[in-house]
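Chemist: give the three-dimensional model of this entry:
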Amino acid sequence: MAIKPLSKIRNIGIAAHIDAGKTTLTERILFYTGKNYKMGEVHDGTATMDWMIQEQERGITITAAATSCQWSDSAINIIDTPGHVDFTIEVERSLRVLDGMVCVYCAVGGVEPQSETVWDQAERYKVPRIAFVNKMDRIGADFLSVAKEIQTKLHRPTAALQLPIGQESEFRGVVDLISMKAMIWAEVGGNQGQSYSSEEIPGNLIDECLMAREELVEIIANFDDKIGDLYLNGSEITEGDLKNAIRSLTIANKIVPVFCGSAFKNKGIQPLLDGVIAYLPSPEDRGELSGHCVKDNEKIIKRSPSENEPLSGLVFKIASDPFVERISYFRIYSGKMKSGQTLYNPLKQKRERISKILMMHANKRKEVEEASVGDIVALAGLKHTVTGDTLCAENSPIIYDLMNFPDSVISIAIEPKTVDDENKLASVLELLTLEDPTFHYKRNEETGQLLIHGMGELHLDVIVDRLSREFNIGINRGKPQVSYRESISTSSVAESFFDKEIAGRGVYGHCKIEVEPCDYQAGVVFESRIKKKDLPDHFQEAIRKSVLDSAPSGIVIGNRIINVKAILVDAHYKDMESTELAYTIAAAMAFKDACKSARMVIMEPFMTVEVVTPPEYTGDVISDFSSRRGRILSVFTKQGKDHVKAEAPLSGMFGYSTDLRSRTQGRASFSMNFRMYEVLPDNLTSNLLEKRGILPITSLK
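Modeler: Numbers count the residues shown, from 1 in each chain. Below is the predicted model:
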């Protein structure tokens, strides 16, 4: 199915801060490439890629949607990603399998908080990027200022490949600084941006464009030896020389080419598509991909992006489908596959039969018989595979690196309205956890409440709405609850023996574990100071696993233990009686006893918050944070608005969106990201324990 040669495929994502115009840009791309016969609009709920009813009603992207189109002689597979922080997992798993990304920035807002989050995610996966400064028609648009801000805030040299012709309401085209030609989009005769004229640069812009091109060449010369030599020798630098150098530097993540336009006004999209083909990598350019040997995780295996290699790829998203129950989005890294073929899941050690191979266009699908390296497809019929799993040929197994999924930070209590609703609820919640790794549910054994956990209030609002509308389940909901963590603030040691007779045979295990505070917010770090000759490896491994398995259940309130280092300092061993089960039990008891005898503390999630507000409301915004136990980090002015950066506990931010709108007459906006867990003050810890009916233990006093 893939177009040959492989160099003609581009797998790209479109990502940005919320309301920067990602989906509008995607709609224009689909229209100009002939994929859609008309443009959809976000504001009236007709955008192709925002197909969920919740997306259409709220005017935001919630789930990453995949599609494909043709431009020139190349195929472009596109994933349109959400911009809201609650759905950042959609960006994370998309970037895991993409070869390039178009970062969209508002020409007025510039680099906004979620822009930085997306950038950091792309850095983690080393995804090459180009930038598109959108909304050049808006009042206050400033292309060069945004290009400079990308460089200073995101720490990557930018190369402006265009200059705008006019700004704000006068924006009508761009100057290509490589060809030194002007591209003008005329708003006459119902033109929807399909055609534009290539003209000479307007006289009033010639000097500015010559200076900008000189700066562009200097930037490229700083990184590319060939361009540097030509520049220093005063030799002619051709368009081909510049394009080749820019492509190489972009793929190497040394520079970011910057384009501009107005997606809503249908200007600047075609040059951006040319830039995607010219500068972003193909699967071939990304080169070999590293994976792990199934039998020896330390051994690295390389796979080339070729049809001649054994089949391998990564499942990066699960989605429910009304026709085939669920589909698995799959990026093929090597080899080729056919419908009906059996693949191997090395993590689950299961065979999976593909009943259908689907090409997706948002929520629409087209069945195909085969797919090959470079393709992004959806597979029907997989039973055991989940997000992040590798699928490969059984005779040549490989495991690609797993994805990072952030912990949920908020929960609410829900209960079904009727017995019928209760019967359906468990299976539907299980399906939703497969779709979204940042969502999970758990029944509180003490209170009997069913809690659903997610990344924010909006995230859980959408889940509850889907339960009602999509799955026809009646739900009553409670107030949001914070997902706390448990930790210790002092060191302690405890030891435990397991010495019993089972089925006429002595069973023995003993270990002594020391716990101490450390900075590891993911959980518990384990260290052994016992030599192999004193305790065999398999018993030490049983102790390690037991300690790590004990962390999620907590000690006091049943929440995960974090920031703790557990050290195995002593263990006794009896040759004929010691068993792994005995050490597992002894280790769990020793670890929990050590934590109880240390000073236990409750940890709460703290968020980084950025509020953008008109200056007249800044004082109210700042004073409000003190009532939420917040801390102001900085205040600065940009484009006539104040940006207030702060940190605050999540428990103090519930309902903040409504409060902020009320305080600022709806003129302020904010974004919020999880930062880290911090110790809950003693008085609030006591209140929390009292509400949960837990008597304060000595170590918490």
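Chemist: give me the residues contacting stretch 109-121.
Modeler: For stretch 109-121, contacts defined as CB atoms under 8 Å, 6 or more residues apart in numbering pick out 15-18, 20, 81, 83-85, 88, 91-92, 95, 103, 105-106, 129, 145-146, 149-150, 153-154, 608, 610, 612, 638-639, 671, 673. (Glycine included, C-beta is placed from N, CA and C.)
Chemist: any of those buried? List them.
Modeler: Taking 16 or more other CB atoms under 10 Å as the criterion, what is buried in the contacts of stretch 109-121 is 15-18, 20, 81, 83-85, 88, 91-92, 95, 103, 105-106, 129, 145-146, 149-150, 154, 608, 610, 612, 639, 671, 673.
Chemist: out of the residues you listed, which sit inside strands?
Modeler: 15, 16, 103, 105, 106, 129, 608, 610, 612, 671, 673 (DSSP state E).
Chemist: now residue 629, what's its secondary structure?
Modeler: Secondary structure assignment for residue 629 (DSSP: H, G, I helix; E, B strand; the rest coil): coil.
Chemist: give the contact list for it.
Modeler: 648, 649, 652.
Chemist: for the host helix or strand of residue 28, what is the distance to the chain centroid?
Modeler: Taking DSSP states H and E as the criterion, residue 28 maps to helix 22-32. Per CA atoms, centre = their mean, to the nearest Å, the displacement of helix 22-32 from the mean C-alpha position of its chain is 22 Å.
Chemist: what residues sit buried inside that helix?
Modeler: For helix 22-32, the neighbour count (16+ other CB under 10 Å) marks 22, 23, 24, 25, 26, 27, 28, 29, 30, 31, 32 as buried.
Chemist: before we move on, what about stretch 665-672?
Modeler: Buried-residue list, stretch 665-672, by 16+ other CB under 10 Å: 668, 669, 670, 671, 672.
Chemist: kindly report the same for stretch 160-180.
Modeler: For stretch 160-180, by 16+ other CB under 10 Å, it's 160-168, 171-178.
Chemist: now, these that are in strands?
Modeler: If you go by DSSP E, the buried residues of stretch 160-180 have 160, 162, 163, 164, 165, 173, 174, 175, 176 in strands.
Chemist: wait, isn't the last one in contact with residue 183?
Modeler: Yes - A contact is recorded between residue 176 and residue 183 when judged using CB atoms under 8 Å, the distance being 6.6 Å.
Chemist: tell me, what's touching these two both at once?
Modeler: By CB under 8 Å, 6+ apart, the residues touching both residue 176 and residue 183 are residue 271.
Chemist: quick one, phi psi at residue 296?
Modeler: Here is the backbone geometry of residue 296 (degrees, to the nearest 10): phi -140, psi 100.
Chemist: how close does it get to residue 397?
Modeler: Separation of residue 296 from residue 397 (CB to CB, to the nearest Å): 12 Å.
Chemist: show the pLDDT at residue 59.
Modeler: For residue 59, the model assigns a pLDDT of 66.
Chemist: before we move on, back to that, greatest separation within the ones in strands among the buried ones among the contacts of stretch 109-121: which pair is it?
Modeler: The span of those, defined through CB to CB, is set by 129 and 612 at 23.9 Å.
Chemist: so is residue 206 in a helix, a strand, or just coil?
Modeler: helix.
Chemist: likewise for the one 3 residues further on?
Modeler: Going by three-state DSSP, the secondary structure assigned to residue 209 is helix.
Chemist: okay, the ones in strands among the buried ones among the contacts of stretch 109-121 in CSV with distance to residue 285 and pLDDT next?
Modeler: Listed next are these as CSV, based on distance: CB to CB, whole Å; pLDDT from 0 to 100:
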residue, distance to residue 285, pLDDT
15, 20, 88
16, 24, 86
103, 19, 94
105, 25, 95
106, 30, 93
129, 14, 95
608, 35, 91
610, 36, 90
612, 38, 87
671, 33, 77
673, 32, 80
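Chemist: okay, now the unreliable bits of the stretch 51-200 of the chain?
Modeler: Along the stretch 51-200 of the chain, the model assigns pLDDT under 70 to residues 51-62, 85, 188-191.
Chemist: cutoff 80 now
Modeler: 51-64, 82-88, 113-114, 187-194 (pLDDT under 80).
Chemist: give me the nearest residue to the spatially most central residue of the chain, chain neighbours excluded.
Modeler: Centroid-nearest residue in the chain, with CA atoms, centre = their mean: residue 92, separated by 2.3 Å. In space, and not counting its chain neighbours, residue 92 is closest to residue 121: 5.6 Å by CB to CB, 6 or more residues apart in numbering.
Chemist: give me the secondary structure label for that neighbour.
Modeler: Quick answer, by three-state DSSP: residue 121 is helix.
Chemist: quick check: the gap between it and residue 574.
Modeler: Separation of residue 121 from residue 574 (CB to CB): 51 Å.
Chemist: compare neighbour counts for these two and give me the winner.
Modeler: residue 121 (22 against 14; other CB atoms under 10 Å).
Chemist: what is the helix or strand where residue 257 lies packed up against?
Modeler: If you go by DSSP H and E, residue 257 is part of strand 256-260. Taking 3 or more CB pairs under 8 Å, 6 or more residues apart in numbering; DSSP states H and E as contact, the helices and strands that strand 256-260 lies on are strand 129-134, helix 143-154, strand 158-160, strand 162-165, helix 239-251, helix 269-279.
Chemist: could I get the buried residue list for the last one?
Modeler: Taking 16+ other CB under 10 Å as the basis for neighbour counts, the residues of helix 269-279 that come out buried are 269, 270, 271, 272, 273, 275, 276, 277, 278, 279.
Chemist: ok, those vs residue 224, which is closest?
Modeler: Taking those together and measuring to residue 224 by CB to CB, the closest member is residue 279, at 13.5 Å.
Chemist: pretty sure the closest one contacts residue 257?
Modeler: Yes - Residue 279 is within contact range of residue 257, at 5.5 Å (criterion: CB under 8 Å).
Chemist: now do the shared contacts for those two.
Modeler: Each of 130, 246, 250 lies in contact with both residue 279 and residue 257 under the rule CB under 8 Å, 6+ apart.
Chemist: what sits against the nearest residue to residue 163 once chain neighbours are set aside?
Modeler: Excluding the flanking residues, the one nearest residue 163 by CB to CB, 6+ apart is residue 175, at 4.6 Å. Residue 175 makes contacts with 162, 163, 164, 165, 181, 182, 183, 201, 205, 209, as judged by CB under 8 Å, 6+ apart.
Chemist: which residues does the fourth one contact?
Modeler: Residues near residue 165 by CB under 8 Å, 6+ apart: 171, 172, 173, 174, 175, 182, 184, 202, 205.
Chemist: can you rerun that using 7 Å?
Modeler: 172, 173, 174, 175, 182, 184, 202, 205 (CB atoms under 7 Å, 6 or more residues apart in numbering).
Chemist: sweet, I'm off.
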